[in-house]
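Engineer: Quick one, structure for this:
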Amino acid sequence: MEFWNTTLENTFFLIGILQDSKFPGLVCATITFLYLVAMISNGLLLLLIAMDKQLHVPMYFLLSQLSLMDLLFTTVISPKTLVDYLHGQSTISFLGCGFQMFLILTLGGAEDILLAFMAYDRYVAIQYPLNYMVFMRPKVCWSMVATSWLLASLNSLIHTTYTMHFPFCRAREIHHLLCEIPPLLKLACADTTKYQFMVYTMGVTFLFLPLSAILASYTLVLTAVFHMPSTQGRQKALLTCSSHLTVVGLYYGAAVFMYVLPSSYHNPQQDNILSMFYTVITPTLNPLIYSLRNKDVLGALKKLLEKGIQKPKL
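Structural biologist: Predicted coordinates:
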């Protein structure tokens, strides 16, 4: 089998969901619509959290970081998909593929860890309400965010560098929406068995350790919630926790299928849908899940709208 010399001039052809669909125009329009909704909803949530002093608390600070990650996540994929459709060809350079992989792994990993910290935040808020601002002081919150970005970036850098060092065959078609590890390894002309096991091991570690922390936190939270004397307080706590658990389920479900499920269970159509789910659909749904069921966010939005339409005094 002939090898493909990986120089800066070489390109990959992405055979993704648009090429597999019978109605690529409709799929592209859907992705564009979801991207616009994600941009508006995440941008608005960031604006509300920044402007409303009542939202200047640890929970909403972490939520603003989640919105930022979601906004960047979908921006890595959606605009390029639209441009490729308009050009009639989906290509990406060798360097561009590596950079896209690095961004996807960094943003996905950071969100993974951040969701665990958000679960801890809810645990502290409900178990230790009087000491909440002590446990979750600004220095701690910033450390959580920095840890999420740092660990995810290091993991991403290692995987991207190692994946892109393999020699690739002349068949440069990646049957996937974007440059991710599993579909790219199928083009490698070297034995990737050991590395695939490493990817699986790191995937389990990066996904299941935070997921275990989330489940442990919410087990303790729900135990405390059901012992609350106040019905109103119990309902408010359950509403907040259910929103977070919905986001966790959406994100981890797709990620586990993509990075933990053995390669023999993968097929291009399924992987394309999963990738679209956690890079386009989930970033669109997250701010809606958090804001539409949150009285504090809706109250901040109402104040912003009232301020916007208030007539100046003559």
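Engineer: Every contact and neighbour count from this point should use C-alpha atoms.
Structural biologist: Will do.
Engineer: For this protein, which residues score under the pLDDT cut-off?
Structural biologist: Regions of the chain meeting the criterion pLDDT under 70 cover residues 1-9, 20, 170-171, 230, 233-234, 236-237, 240, 262-266, 308-314.
Engineer: Which stretches in the stretch 51-200 of the chain count as strands?
Structural biologist: Taking DSSP state E, counting those that start in this stretch as the test, the strands found in the stretch 51-200 of the chain are 91-93, 168-169, 173-174.
Engineer: would you turn those strands into JSON lines with distance to Ile273 and mean neighbour count?
Structural biologist: Shown next, in JSON lines, are the strands of the stretch 51-200 of the chain (distance: least, Cα to Cα, whole Å; neighbours: other Cα atoms under 10 Å):
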{"stretch": "strand 91-93", "distance to Ile273": "19", "mean neighbour count": "18"}
{"stretch": "strand 168-169", "distance to Ile273": "25", "mean neighbour count": "19"}
{"stretch": "strand 173-174", "distance to Ile273": "15", "mean neighbour count": "20"}
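Engineer: would you turn these into CSV with distance to Leu305?
Structural biologist: Output for the strands of the stretch 51-200 of the chain, formatted as CSV (distance: least, Cα to Cα, whole Å):
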stretch, distance to Leu305
strand 91-93, 42
strand 168-169, 54
strand 173-174, 46
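Engineer: which stretch among those comes nearest Val297?
Structural biologist: Nearest to Val297 among the strands of the stretch 51-200 of the chain is strand 91-93; the distance by Cα to Cα comes to 39.6 Å.
Engineer: May I have the strands that pair with that closest one, each with its orientation?
Structural biologist: strand 11-14 (antiparallel) (DSSP bridges).
Engineer: can you list the residues that contact the partner strand?
Structural biologist: 90-94, 97, 172-178 (Cα atoms under 8 Å, 6 or more residues apart in numbering).
Engineer: Compare the strands of the stretch 51-200 of the chain and give me the one nearest Ser148.
Structural biologist: Once these are compared by Cα to Cα, strand 91-93 is nearest, at 28.2 Å.
Engineer: Mind giving me the packing neighbours of the helix or strand where His244 lies?
Structural biologist: Using DSSP states H and E, His244 maps to helix 231-259. Under the contact criterion of 3 or more Cα pairs under 8 Å, 6 or more residues apart in numbering; DSSP states H and E, helix 231-259 touches helix 94-127, helix 193-225, helix 268-276, helix 282-292.
Engineer: Could you give the separation of the first one from the chain centroid?
Structural biologist: This points to helix 94-127. 6 Å (Cα atoms, centre = their mean, to the nearest Å).
Engineer: elements contacting that helix?
Structural biologist: If you count contacts as 3+ Cα pairs under 8 Å, 6+ apart, helix 94-127 packs onto strand 11-14, helix 58-87, helix 132-135, helix 138-164, helix 193-225, helix 231-259.
Engineer: Of all the residues in it, which ones are buried?
Structural biologist: 94-95, 97-127 (16 or more other Cα atoms under 10 Å).
Engineer: what does the shortest one give?
Structural biologist: Neighbour-count burial for helix 268-276, with 16+ other Cα under 10 Å as criterion, is recorded at 268, 271-276.
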